Structure formats: C-alpha cells, structure tokens
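[1] Structure here, sequence nowhere to be found:
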C-alpha cells in the first residue's frame, strides 16, 4: 500500500494543532510504521483567522465541519470539536454513514452516543477509534480492548482527571486551600474558567463509563455513574489522611458485581503503598485487575497537546494499517445491558471527618450514632482546630456497608454538636 | 464469523497449562471479544504422562511438535517450548511457511531469529505475535507497536526480569546477602536451579533487544546488548544507595543516539522519586519516552502462569479478529540496521563503591585517580566495615563519561589500598 491515508480534521484547538505537528514532525517514521503516508488534506474550525503558529494554507478549508464527511479526498475524519451533541455528533454520524473511519477525542459524545456510533461503524465496516478520549496519551483503550482481552476484568479504576489531580497534589505539597489552588490553576491554564466539568467529576465520569464498557463488555451507561467531585476536600482532610498513611485522589472506579454495574467517581483515601498514591500533578493512571493477568497499571500524561495528539495519531495508524474492529471490543449488539449496582450496598472502610463543638459528650454522641447504625470504628483521632473554631474528629471505620455509614451521619445531621457538614470518603482497600 | 480459531499448542509447562485454563474459564467472554470461539484442538509436549491437573483427552496428541504446523485442523500454533533454536525454531518456520499464524512467548528465539521470522510471516500474510515474550502479562509490545506508534521513542527502559527484582527487593527488605536470597528463591521456585540466565541479565537482554527493535524501528540486535547482572551487588551497596535516596534495580535500557543503538542491561541506582523505584518483588515495569506523548509507564506481573497465558491469549484474540500486521511494527525490510553505540561514551552520574584499607592516604590516592581521569565527585562518604575488615568508600560522581570513570578505576586496579573489587553502577537520572 502506498496510497496515503487522507485525513479531514475538524477542530484546530490545542489537540488539533498537535495532530498536525506530529504528522509533520514524525512523518517519515509514521509512514514506515503505517506502511503508507498519513496526510491531512482538509480542515475545519470555528475561527479561520486565528493565529495558530501552523501553516494551514496547504490544507483545503471547510467552513462547515460536517462537510468533511462527504469529501471525496477524505478517507478518515478526526473530530476534535467536542460536545456530546451538535456538530460533533452530526459529523460522526455522517462520516460513518459514508463508510469512512472516524477518530475522536470526544469522551462526552462517546459516553452519550457510543453505542449508536459503534453499531453504525460496524454496519459500514468503518473504524470508530477514540484512544484520546480517555487518559490522553496513555494507550488504555487499547490495553483493555486488546491487551487484557483474555481476562474477565474484576475491577477498573484510576486517576482520570489531570486537573483534579493537579489541584490535590498542590493542596498537599503547598498546604493551600482548595479555592486558592483552583484560582491559581485557572490563571495558569490548568483549569477552565468554568471548572465544574473537571472538579465535579463529570469529565472523569465520562471516561469511566467508556472504560467500564470495554472492561465488562457492557453498554456505556454514563447516567448511572455516581459522581462526587473534590470541592468538599479540605486541606485538613489531606493532613488527616497523611497522618493515617493515605493520600487523597479523585478515583473513578467501576466493577461488575453480581450482574450489575458499579460505577463511581469520588475522592478516595489511597494507601501510600498503592502505586496510584504516587501519581502526582497532571498525570493520569489506570489500573485494570483481570482474573488471570492480575493488576495492570498504565500511567502517563492524561491531557495536553502532545499526549492527546499522540493518541489520535496512534488511532490513525491503526486505521492506515487496517488493524481495527468493533469499537467496544465486541459487536455492539453483543454488549450486555447491565443494570446499575446499588451504590449504597458497597462495602469498605470509610474515612469520616466531623467538625464538632469542643465540649464534653460530643464524642459519646458520635460513637453512639455509629454504634446504632452498626458501624464499628477502627481508629479515632481528635486533631486540629477548624476554621470555625470547632474541633476535628477524624475516624476510620472497620469495613462497613455505605448505607449504614450514611445512616449514622443522618442520625447526627440534626445535632448541634456538629458545627460543619461532615465529610465521608471511601478508602481504596485493594 | 462463527468458525472457531483452532489452536495447536506446543509445550505444556506452566504457561501452556495456563493457556488451556484461560480458554476454558473465560471461554464465553473470549468468544464475544474475538467474535468467534478460540479452541485448542491439538497439543504436544515432551512428557505425555505427566500429571498436569488438566483433562487433555479432548485434544489430539502429537508426539513431534513440529507436526502441528502441517495439521489441517490447526489455524494457529502457540509455541511454549522455549529455546532459541531446535524444535521451537523449526516449528516457527514450518508454521509460518504453511501460511499459518504463530504465537510465542519465546524471547530467546525472537532475539536471535526475529527478523527472519517476521519477514517470513509477512510474505505468507500470517501473524507473528509475541506479547508474552516481554514483561509477561503487561501489553507492552502492543503499547509500543501501536499505542505509542506516533512517536519517535527517545528511550525505553524498565525492570524486565522478575527474578532479579525479587532478589533485590528481598535483599533490601530483609537485609540479607545475595547468595542467601538466591538460595531461598531457588527453594521457593522463584529462581531456576541454574539461575545464570536470569541473574546475569541474559533474559532481560533478550527482552530489551525486542523492545528496542519496536521502539526504534531497528533490526533486533541481541549480540550488542551490553549485559551485566546482579551477582556483584552487595547488601552494603543497597544500604549506601538507600542513604543517598536511591534503590538498586536491574534496568534494561535502550536508546537510539546519533544513528547508533545503545542497549544495556545493568544494575542501576534509581531515585526514590522515579516510579521504577517502587516496582517491587516479581513485578515488571517498562517506561517508554516519546517525543510527543512524554513518559508512558506500563506495570504488572512479568511472569507466572496467569499473566503470561493472558498475553498469549490476547495474541490469539488479535489473530481471531484479524487485527494484526508486521511483527516489528513495520515491514521487516524497512527496519534500520543500526550500528551499536559506543557504550563507553555514555554520560551520566555514577555510583562507585570501593573497599579500601583503613589507613591514611587512601582517600587522597582515590580522589587523585578520579581527578586525573577528569571525573569530579559530587559526594563521598566513608561508611561501614566490609566483611574483609576494609572500609567502604562510596562516591557519587558528577556527570561523567563512562570511559573516564573506567580509566580511574583501571588506574587504581593495581593499588594495595584496595582490598576488594570496586563496584561501579549507573545512576538513572531521567
């Protein structure tokens, strides 16, 4: 094969620019690896005149990105527009419908429409590739779809959002409060002006739902990902966790349990002995546990121009080689429709931080509430003084069912012994 | 496709048994992922009567493994016999020559005959797959061949031999000498009766030469891997390294530098800040550094029944799906023939441990030798007493060229100030 693979590129932000740069910089090597050249022929973006530091005059310009699908000179479309619906979705449908392959970094679209698009790709014999949608440059989609394919995956979890990990790492290293680090991250471009997508866990939830589909052979089920972000994590929690031998990480976790799909994004206490505890800054990492392979860890840069573009071009190389198949590792029709697991039935150890009035009897009240809910306490420390003058009571429970822990907190909710909202976090015990 | 992929399995040791167990245990899931069943139909091993805890009566038995290639009921041969030449190589050649795909865990054979076999597979349109040959269950072959394919790889390195890592980890944790841990590892089955293949670094060198081929688009060049094992590592070195903020790991490292291929297996000092420092026991880990993706880390179990068989079956699934191409990421004819790099030109910091007589003037003699060779010292400590009553002088050099460091050690070689052989180790400074 010496025919080039001709690419239509929609979206010329950071990643789009990176794709052009890789294809330029590494052209000779990519041509050897793909056994044919990979060439951008047509591009589309919102703003044609923006200065991007790249010579775009050699590419055909298309005002409406969806027109890329119909061009005779385009074999494969790369979509970097973003958004679950709108032009990205239209472009995906029209590209696949035309029997052309489609490469995307769009986690939101896959979380919402992955099943439909995978089915369409199969019917048309085209590729639907999305390595860049999860964990940036880390080949974890391929790792699950192919590398670990012989295994029943028991559990998949990881650090899926670099912005949150960056904020938590700096909160710990510089002993700064959440709000201050967030503001600085926004100033430095590590967090968006509207940061809620990242810090409330939605971005991680999109990615988790995609990983869960691959890992468990199930249809993507984003709406049932339980999602909790990092806004409620206080510096004091990080200190308490450190004193107990843990670091706090935003963890996306999915498991198939008794025919149901458990999916959750939440801040967790991770033991210093676990490799995820040492994944710092904007790095991402994913752990997959298979019934034969054991624990696999994939780690690297989860965002940014180079890493994300690297994943997009890896997908293009697979397309150029003709090495591709069903998007979610098996034909879409064979993916199970797993019901959501009962989140509150989940069992494990918990970290509880209560801010309480500094007076006799408070501890007795708290421990009684836990006892009444059937939760036993592994350790309890009273340490530090909260901003409001209250005292921190920090507990680690023995293994307990989440429903019981929440019942104890509900029982305490009315008490005037508590001077602030309690914080409950899971402990990652595997 | 509902036709099963029919497997001929040569070799029924630990991994062969594991392959049968995975295909049995995970049959339904594998059939969904491969979109067709994968079934062992014929087997061969040295000893037919050995008890393996598996019902073999359902498979056709072949006394001579090479006959598997010719059987009409075999689509793909899995080779788990081992050995660079002999029946494994004959089987590989005959299988590929018959246009059938070939899956192997045989690093020695690939290190010696990979180029020939890859070329034969291409001509015949068959797959040559070997995920299990490097780092057991970790999909690092796929990670390099496909996941990082868009990148110029600047460097690849890792912990490639679980036996050495197990020994070094126990030497550190239990403060035991090398010989004692090795003997215990042999008793427990973590090391072979003849351990030299592992502890002298040859096994890691086989794997490194394969990784280097994939990473740099070069022909496998095993004979030029500089290879040093862990026999000379003393408990005292581990202590000294720890005091300096390092752990000692057997590292396989390859880089393409100025059109030459640098390949080396050697014990290194790894900073506690580097993720490889925390890869303990029999785990393996590989780091690839790409010019766009940055640093990727793959970690998991590098040996054993389950992990290795998981990799073999992942390859079978790729074959069943028809998702395969050139074995070394590009057509064999396009692999560069890179000359070996000048090992002694390598630059970096070094750890030096000298065992010296406890008398005045010795330090002056050592530091003069280093000065004369142009090597400057970053830190020097005198600590501990060696078994022979001498004193340890431990140094870390500033960045130096290896040739200079070796010149200094040569100059000291005749001196009666030294009461034992000096130890020199590289510091992994990236």
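    Received it, and whenever you're ready, just let me know what you need. Bear in mind the structure is a predicted one, so any value in this text is a computation, not a measurement. Numbering: from 1, shown residues only, chains lettered A, B, ... in the order given.
[2] Check residue A:52 and give its pLDDT.
    For residue A:52, the pLDDT comes out at 88.
[3] how about the nearest residue to it, chain neighbours excluded?
    residue A:17 (5.4 Å; CB to CB, 6 or more residues apart in numbering or on different chains). Heads up, the C-betas are built off the backbone N, CA and C, glycines and all.
[4] helices and strands around the helix or strand that contains the one you found, which ones?
    Using DSSP states H and E, residue A:17 sits within helix A:14-25. With contacts taken as 3 or more CB pairs under 8 Å, 6 or more residues apart in numbering or on different chains; DSSP states H and E, helix A:14-25 sits against strand A:5-10, strand A:38-44, helix A:305-321.
[5] Let me see the mean pLDDT of the first one.
    What strand A:5-10 shows for mean pLDDT is 98.
[6] partners of that strand, with directions?
    strand A:38-44 (parallel), strand A:76-79 (parallel) (DSSP bridges).
[7] Any chance of CSV for these, columns distance to residue A:203 and mean neighbour count?
    Listed next are the strands paired with strand A:5-10 as CSV, based on distance: least, CB to CB, whole Å; neighbours: other CB atoms under 10 Å in any protein chain shown:
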stretch, distance to residue A:203, mean neighbour count
strand A:38-44, 24, 21
strand A:76-79, 17, 27
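[8] Shouldn't residue A:46 be within a helix?
    No. Counting by DSSP: H, G, I helix; E, B strand; the rest coil, one finds residue A:46 to be coil, located in no helix.
[9] so how far is chain B from it?
    Note on residue A:46: its distance to chain B, by CB to the nearest CB, to the nearest Å, is 24 Å.
[10] pLDDT below threshold where in the stretch 1-150 of chain A?
    Counting by pLDDT under 70, the low-confidence segments of the stretch 1-150 of chain A come to A:1.
[11] where along it do the helices fall?
    Secondary structure of the stretch 1-150 of chain A, counting by DSSP state H, counting those that start in this stretch: helices at A:14-25, A:27-34, A:86-97, A:107-124, A:140-142.
[12] out of those helices, deepest packed?
    Among these, helix A:140-142 has the highest mean neighbour count (mean count of other CB atoms under 10 Å in any protein chain shown), at a mean of 28.
[13] Just give me how far whichever helix or strand comes after that one sits from the chain centre.
    Counting by DSSP H and E, the element after helix A:140-142 in chain order, helix or strand, is strand A:153-159. Averaged C-alpha coordinates place strand A:153-159 at 11 Å from its chain's average position (CA atoms, centre = their mean, to the nearest Å).
[14] Check stretch A:208-218 too.
    Relative to its parent chain, stretch A:208-218 has a centroid offset of 12 Å by CA atoms, centre = their mean.
[15] before we move on, back to that, which residues does the helix holding residue A:17 contact?
    With CB atoms under 8 Å, 6 or more residues apart in numbering or on different chains as the contact definition, helix A:14-25 has outside contacts at A:7, A:9-10, A:30, A:38-40, A:43, A:45, A:52-54, A:78, A:80, A:105, A:132, A:304-306, A:308-310, A:312-313, B:150-152, B:291-292.
[16] Report the rounded mean pLDDT for stretch A:236-256.
    96.
[17] That stretch: how far from the chain's middle?
    Distance of stretch A:236-256 from the chain centroid (CA atoms, centre = their mean) equals 17 Å.
[18] One more: stretch A:328-342?
    Relative to its parent chain, stretch A:328-342 has a centroid offset of 19 Å by CA atoms, centre = their mean.
[19] what sits up against that stretch?
    Counting by CB under 8 Å, 6+ apart, A:114-115, A:118-119, A:122, A:144-146, A:149, A:213-214, A:216-221, A:224, A:255-263, A:326, B:32-33, B:35 sit against stretch A:328-342.
[20] on that earlier part again, buried only: go through the contacts of helix A:14-25 for me.
    By neighbour count, with 16 or more other CB atoms under 10 Å in any protein chain shown, the contacts of helix A:14-25 hold A:7, A:9-10, A:30, A:38-40, A:43, A:45, A:54, A:78, A:80, A:105, A:132, A:304-306, A:308-310, A:312-313, B:150-152, B:291-292 as buried.
[21] what sits opposite the closest residue to residue A:244 other than its chain neighbours in the beta ladder?
    Leaving aside its chain neighbours, residue A:244 sits nearest to residue A:396 (6.4 Å; criterion: CB to CB, 6+ apart). Applying DSSP bridges to residue A:396 gives these bridge partners: residue A:351, residue A:379.
[22] From chain B, how far off is residue A:396?
    24 Å.
[23] Surely that residue and residue A:427 touch.
    Yes. With contacts counted by CB atoms under 8 Å, residue A:396 reaches residue A:427, the gap being 7.0 Å.
[24] Please enumerate the shared neighbours of the two.
    Common neighbours of residue A:396 and residue A:427, using CB under 8 Å, 6+ apart, are A:349, A:350, A:351.
[25] Which one (most neighbours) among these?
    residue A:350 (25 neighbours; other CB atoms under 10 Å in any protein chain shown).
[26] residue contacts, it?
    Here residue A:350 is in contact with A:375, A:396, A:397, A:400, A:402, A:405, A:424, A:425, A:426, A:427 (CB under 8 Å, 6+ apart).
[27] could I get those residues as a markdown table with neighbour count and secondary structure?
    Formatted as a markdown table, those follow (neighbours: other CB atoms under 10 Å in any protein chain shown; DSSP: H, G, I helix; E, B strand; the rest coil):
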| residue | neighbour count | secondary structure |
| --- | --- | --- |
| A:375 | 23 | coil |
| A:396 | 19 | strand |
| A:397 | 22 | strand |
| A:400 | 21 | strand |
| A:402 | 17 | helix |
| A:405 | 22 | helix |
| A:424 | 20 | strand |
| A:425 | 21 | strand |
| A:426 | 21 | strand |
| A:427 | 20 | strand |
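[28] got TSV for those, with distance to residue A:390 too?
    Below are the contacts of residue A:350 laid out as TSV (distance: CB to CB, whole Å):
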residue	distance to residue A:390
A:375	22
A:396	20
A:397	21
A:400	25
A:402	25
A:405	21
A:424	17
A:425	19
A:426	24
A:427	24
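[29] could I get the residues you listed as a markdown table with pLDDT?
    Conversion of those to a markdown table gives the following (pLDDT from 0 to 100):
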| residue | pLDDT |
| --- | --- |
| A:375 | 97 |
| A:396 | 97 |
| A:397 | 97 |
| A:400 | 97 |
| A:402 | 97 |
| A:405 | 97 |
| A:424 | 97 |
| A:425 | 98 |
| A:426 | 97 |
| A:427 | 98 |
